[in-house]
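> Got a predicted structure here, sequence first:
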Amino acid sequence: MLTNKEIRSTAREYLRGNYKMAVINLILITIANSVMQSVVRTLTGESALNMRMTGETLPNWDSVFSMQSSPFQTTLNVVLSIIVALIIGSMQMGNEWGYLDMLDGTPLSSGHLLKPFENQLFKTLGVLALQAIYVILWSVLLIIPGIMKLYALALSNFIYFDNPDMKTTDILRQSESFMKGKKMRLFQLDLTYFVVYLIPVALFFGVGITAFNMYAGAATADSDALLYQALLLVGLMLAAFAIFGILTFIVEPRRKAARAVFYSEVLKEENLIIG
């Protein structure tokens, strides 16, 4: 099996000529998620903050905390949020399938995002739902078991792509079997990409220190100084979010391509040709 460094290098080679489309697919998923979340907020009344504001143009803290959603709104919110999560999860699954096609010489395309909806949609939703249920149940025990389960099931979407007729539970079992002794290896591979996100994290620490200093000196500072500190705080927060967003579009295509290469290496190690 290739080393993680070799896997990253191989992934970069496959991304040549596909990187632009990889970024476009991430943008499309982000837009779809934002639009559907906005629809959910509108349908459940959250976008209007339930607008029981006693006629005020802007809400004060008392009015915000006094607002309560009805049981119907809460139930509708949960149901719609689950539906949105499954739809976005399906698009992300299709995005992962695109990277497998890429390894076989097929260019990435936005059409990959829709592939899970074309055939066996309910099975696709079942694979996603079962993964989520397993990870949540293991996370109830402790965070670490939840993370271990997440990595045990990390190859499920790839296996489903290669074996569309395999039973849902067998897909997850196959992933767990493949990942025995390899969970830490994949975690280390992911970590080499996630470490880049320390940049905005460091900026957030700067925000925290700034906020602390702002409130610590609030009693003696004049209004101009408080305004300057507040603007600085907002500016740092916006900068941190912007950097995180930019890094996502730089890092995620590379990480997903590396995961696809990792999967292909697992198949080679298992002496399997699936599909």
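Now that the structure is in, tell me what you want to look at.

> Count the residues that sit near Gly181.
Residues contacting Gly181 under the criterion other Cβ atoms under 10 Å number 7. To be clear about C-beta, it is placed using only N, CA and C from the backbone, and glycine gets the same treatment.

> where does it land in three-state SS?
With DSSP: H, G, I helix; E, B strand; the rest coil as the basis, Gly181 sits in coil.

> residue contacts, it?
By Cβ atoms under 8 Å, 6 or more residues apart in numbering, no residues touch Gly181.

> That one and Ala152, how far apart?
In this view, Gly181 and Ala152 are 11 Å apart by Cβ to Cβ, to the nearest Å.

> mind listing what's buried in the helix or strand hosting Gln188?
Here Gln188 sits within helix 183-194, counting by DSSP states H and E. The neighbour-count check on helix 183-194 (16 or more other Cβ atoms under 10 Å) flags Lys183, Arg185, Leu186, Leu189, Asp190, Thr192, Tyr193 as buried.

> Over to stretch 189-209?
Result for stretch 189-209 [16+ other Cβ under 10 Å]: buried residues Leu189, Asp190, Thr192, Tyr193, Pro200, Leu203, Gly206, Val207.

> what's the answer for stretch 227-246, then?
Gln229, Leu232, Leu233, Leu236, Met237, Ala240, Ile243.

> Now do the helix or strand harbouring Leu130: everything it contacts.
Using DSSP H and E, Leu130 maps to helix 121-141. Helix 121-141 is contacted from outside by 85-86, 89-90, 93, 116-117, 145-146, 148-150, 153, 156-157, 160, 164, 168-169, 171-172, using Cβ under 8 Å, 6+ apart.

> Now the element after that helix, going C-ward?
Downstream of helix 121-141, the next assigned helix or strand under DSSP H and E is helix 143-152.

> And that following helix, how far out from the chain middle?
16 Å (Cα atoms, centre = their mean, to the nearest Å).

> again, but for stretch 252-269
18 Å.

> what's the average pLDDT for that stretch?
Mean pLDDT, stretch 252-269: 95.

> tell me the two of the buried residues of stretch 227-246 that are most distant?
Gln229 and Ile243 (21.1 Å; Cβ to Cβ).

> will you turn the buried residues of stretch 189-209 into JSON lines that also has distance to Thr74 and pLDDT?
Below are the buried residues of stretch 189-209 laid out as JSON lines (distance: Cβ to Cβ, whole Å; pLDDT from 0 to 100):
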{"residue": "Leu189", "distance to Thr74": "40", "pLDDT": "96"}
{"residue": "Asp190", "distance to Thr74": "35", "pLDDT": "96"}
{"residue": "Thr192", "distance to Thr74": "41", "pLDDT": "94"}
{"residue": "Tyr193", "distance to Thr74": "37", "pLDDT": "94"}
{"residue": "Pro200", "distance to Thr74": "33", "pLDDT": "78"}
{"residue": "Leu203", "distance to Thr74": "35", "pLDDT": "73"}
{"residue": "Gly206", "distance to Thr74": "37", "pLDDT": "71"}
{"residue": "Val207", "distance to Thr74": "32", "pLDDT": "69"}
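
> Can you tell me which of the residues you listed lies closest to Ile29?
Nearest member of these to Ile29, counting by Cβ to Cβ, is Tyr193, at 17.7 Å.

> before we move on, the earlier item: how about CSV for the buried residues of stretch 189-209, with distance to Thr42 added?
Formatted as CSV, those follow (distance: Cβ to Cβ, whole Å):
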residue, distance to Thr42
Leu189, 40
Asp190, 35
Thr192, 40
Tyr193, 35
Pro200, 30
Leu203, 33
Gly206, 36
Val207, 31
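
> between these, which is closest to Val261?
Leu189 (9.4 Å).

> contacting residues for the closest residue in space to the closest one that isn't next to it in sequence?
Ranked by Cβ to Cβ, 6 or more residues apart in numbering and with sequence neighbours excluded, the top spatial neighbour of Leu189 is Asn4, at 4.8 Å. Contact analysis of Asn4 by Cβ under 8 Å, 6+ apart lists Arg185, Gln188, Leu189, Thr192.
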